[in-house]
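In: sequence first, predicted coordinates after that:
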Amino acid sequence: MYRILFAASEAYPLVKTGGLGDVMGSLPAALAALDCDVRLVIPGYRDVVESVVAPIIKAEFTIPETGHPVRLLETTLPGSDVVTWLVDCPSLYGRRGDPYNDEHNIPWPDTAQRFALLCRAVHAISLGIVETGWLPQIVHCNDWQTGLIPALLSQSADRPATVFTIHNLAYQGVFPYDTFVDLKLPEYLWSADGLEFYEHLSFIKGGLIFSDRITTVSPTYAREIQSAEFGAGLDGLLHQRSEKISGILNGIDEQVWDPAHDEFIVAHYDADNIDRKAENKQSLQKILGLQEKSDKPLIAFVHRLTDQKGVDLVIGALPELAKLPVQLAILGTGNPNYEQQLVNFAEQQVCDIAVRIGYSEPLSHQMAAGADFFLMPSRFEPCGLAQIHNMRYGTIPIVRSVGGLADTVTDTNPQTIAAGTATGIVIDGVDAEALVAAIRRALEIYNQPYVWSDLLQSAMRGSYSWRDSVDKYLGLYQSLLASRR
């Protein structure tokens, strides 16, 4: 089968800040299970290196353009057999914090240097400049942090094929021209047909222009990003490359997200034994300090607190939601202003609301198991995994019909109920009023026992694994390699 090198800035469970980490923690393993020869390479962040037991030093080398000494550490991705390489460079990665921000949530001042080093290391590994005893046929890059890899490989005649996946086009890795100079990137890359973007350096353009194929994480998002509304200034370029773009829906790791075996929840259940979900609701209410009422619908919101995720719409809707017979549980971190508004509203105790600032993997699982509804009013959503996680747990998503949400959630109405295809509630509009209207409709459905029962069954019995999507990736790889012969 194929030799594939995945390059990314994060991979669960080693390091995760969002959906990219989830995908890198599951897609390589799904391909490896089908006999692909897969390697995964990520930066050797301090916390990651310290968490790995007895890694093998695969190679030691220096990046000529930076002078940084690098060790390539080999381990396996926990929970799988996927060989994982850590680009260990303490001068750039040996710090506390997440991949993008320090301990105080302030972006690293040398972010460009950190990910340029990753890209140069992958470039050297892919061409055998750094000897590992293994060469990829395909280098699969993910998001702007790896965008320089296809650009750097583009001038090598014997290079591997390249695929670039857009997980979120809103994040582009744009830096001043001085950064281009500091990184000592080849001069031929500084042009409108290269990395230059309105007189700035754009990492993501390296992936969009120089990769052999571009994928996004849902079919609808693949179409949306070629429009001005969703293209984030790159719609013209993406439209030009439309024949090379495909949308492949993300799957989830059904072992990690499984209410029948989840180690983080108090009562295990499945679609045939859904009554025990009520025990998780009671436990969650207790954890969050909410009233322990089994008949009061509980709505969860677990996201980054950003405009993309529609947190401002939620805040605008809070006065009206306070009048409804619902509980609201919010978990997230992001915009400090939004964080403070949510905390202030909760402290007023004008409604049954719990707010937790930060992120907790166990609590996110407990909220999926214990809530009745999952709120996701995103302005745009490349794929989204949270709505899929929650449907698997019998927690009904309330979403806007954009990107991957449109591809995974079917609105509940008489026709879809009769057909047994309903899986959620779709918000009709981009304002607080539309959000409240959708929640009112959700409550009406919740109060119809037979409809509610059918909806839960339909949501929980959906197919959310990587099986179909992996077949599409294999087809893409086959087509790509055949076209280069």
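Out: Looks like it came in fine.

In: tell me, how many neighbours does residue 64 end up with?
Out: Using other CB atoms under 10 Å, residue 64 has 11 other residues around it. Heads up, the C-betas are built off the backbone N, CA and C, glycines and all.

In: where does it sit: helix, strand or coil?
Out: Following DSSP: H, G, I helix; E, B strand; the rest coil, residue 64 is assigned to coil.

In: distance of it from residue 130?
Out: 12 Å (CB to CB, to the nearest Å).

In: please apply the same query to residue 248.
Out: Distance from residue 248 to residue 130, by CB to CB: 30 Å.

In: now residue 294. Nearest residue, chain neighbours left out?
Out: Computed as CB to CB, 6 or more residues apart in numbering, the closest residue to residue 294 that is not its neighbour in sequence is residue 278, at 5.9 Å.

In: ok, which stretches of the stretch 251-400 of the chain are helices?
Out: 277-288, 311-321, 336-348, 361-370, 386-392 (DSSP state H, counting those that start in this stretch).

In: quick check: phi and psi on residue 119?
Out: phi -60, psi -40 (degrees, to the nearest 10).

In: model confidence score at it, please.
Out: Per-residue pLDDT puts residue 119 at 98.

In: just checking, it touches residue 144?
Out: No - assessed by CB atoms under 8 Å, residue 119 is found out of contact with residue 144, at 10.4 Å.

In: for residue 12, find the nearest of the helices of the stretch 251-400 of the chain.
Out: For the helices of the stretch 251-400 of the chain, proximity to residue 12 was assessed by CB to CB; helix 361-370 is nearest, at 8.7 Å.

In: only the buried residues of the closest one, if you could.
Out: Using 16 or more other CB atoms under 10 Å as the test for burial, helix 361-370 gives 363-370.

In: for that helix, packing partners?
Out: helix 277-288, strand 298-302, strand 327-332, helix 386-392 (3 or more CB pairs under 8 Å, 6 or more residues apart in numbering; DSSP states H and E).

In: closest to residue 168 out of the ones you listed?
Out: Comparing the helices and strands packed on helix 361-370 under CB to CB, the one sitting nearest is helix 386-392, at 13.8 Å.

In: separation between residue 158 and residue 125?
Out: Note on residue 158: its distance to residue 125, by CB to CB, is 14 Å.

In: between the two, which one's more packed in?
Out: Between residue 158 and residue 125, counted using other CB under 10 Å, the more crowded position is residue 125 (26 against 7).

In: OK, contacts around the closest residue to that one other than its chain neighbours?
Out: Leaving aside its chain neighbours, residue 125 sits nearest to residue 132 (6.1 Å; criterion: CB to CB, 6+ apart). Shown in contact with residue 132 (CB atoms under 8 Å, 6 or more residues apart in numbering): 58-59, 72, 85, 125.

In: next, the buried residues of stretch 455-462.
Out: In stretch 455-462, counting by 16+ other CB under 10 Å, buried: 455-456, 458-460, 462.

In: quick one: strands adjacent to the helix or strand that contains residue 73?
Out: Residue 73 is part of strand 69-76, with elements assigned from DSSP states H and E. Here strand 69-76 has these sheet partners by DSSP bridges: strand 56-62 (antiparallel), strand 83-88 (antiparallel).

In: just the ones you listed: most buried one?
Out: strand 83-88 (a mean of 24; mean count of other CB atoms under 10 Å).

In: helix or strand right after it?
Out: Counting by DSSP H and E, what follows strand 83-88 is helix 90-93.

In: sorry, back to before: quick one: which of the helices and strands packed on helix 361-370 is nearest residue 441?
Out: Per CB to CB, nearest to residue 441 of the helices and strands packed on helix 361-370: strand 298-302, 13.0 Å.

In: give me the contacts around the closest one.
Out: In contact with strand 298-302 (CB under 8 Å, 6+ apart) are residues 281, 284-285, 290, 311, 314, 326-332, 364, 367-368, 370-376, 386, 390, 395, 398, 439.

In: in the sheet, which strands lie alongside it, parallel or antiparallel?
Out: Under the criterion DSSP bridges, strand 298-302 sits next to strand 327-332 (parallel), strand 373-376 (parallel) in its sheet.

In: which one of these has the most crowded surroundings?
Out: strand 373-376 (a mean of 26).

In: what does it contact?
Out: Taking CB under 8 Å, 6+ apart as the rule, strand 373-376 contacts 297-303, 309-310, 314, 368, 384, 386-387, 390, 395-400, 405, 425, 435, 439, 442, 446.

In: same thing with stretch 98-111?
Out: Counting by CB under 8 Å, 6+ apart, 9-10, 15, 17, 43, 45, 92, 95-97, 114, 145, 173, 333 sit against stretch 98-111.

In: what's the span of that stretch, first residue to last?
Out: 11 Å (CA to CA, to the nearest Å).

In: related to what we said a few turns ago, between the helices and strands packed on helix 361-370, which gets nearest to residue 243?
Out: helix 386-392 (28.9 Å).

In: next one: the closest one to chain centre, how far?
Out: 13 Å (CA atoms, centre = their mean, to the nearest Å).

In: output it as PDB, nothing but the C-alphas.
Out: Coordinates of each C-alpha in helix 386-392 appear next as PDB, following Å, rounded to 0.1, in the frame of the first residue of the first chain:
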ATOM      1  CA  ALA A 386     -18.200  18.200  18.200                       C
ATOM      2  CA  GLN A 387     -21.600  17.800  16.600                       C
ATOM      3  CA  ILE A 388     -20.600  14.300  15.500                       C
ATOM      4  CA  HIS A 389     -19.400  13.400  19.000                       C
ATOM      5  CA  ASN A 390     -22.600  14.600  20.500                       C
ATOM      6  CA  MET A 391     -24.900  12.800  18.100                       C
ATOM      7  CA  ARG A 392     -23.100   9.600  19.000                       C
END
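
In: which strands or helices does that helix pack on?
Out: With contacts defined as 3+ CB pairs under 8 Å, 6+ apart, helix 386-392 has these neighbours: helix 361-370, strand 373-376, strand 396-400, helix 403-408, helix 449-460.

In: show me the contacts for residue 432.
Out: Residue 432 touches 313, 316-317, 320, counting by CB under 8 Å, 6+ apart.

In: which parts of the stretch 51-200 of the chain are helices?
Out: 90-93, 111-126, 148-153, 177-182.

In: save the ones you listed as JSON lines, and put in distance to residue 234 too.
Out: Shown next, in JSON lines, are these (distance: least, CB to CB, whole Å):
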{"stretch": "helix 90-93", "distance to residue 234": "28"}
{"stretch": "helix 111-126", "distance to residue 234": "19"}
{"stretch": "helix 148-153", "distance to residue 234": "15"}
{"stretch": "helix 177-182", "distance to residue 234": "18"}
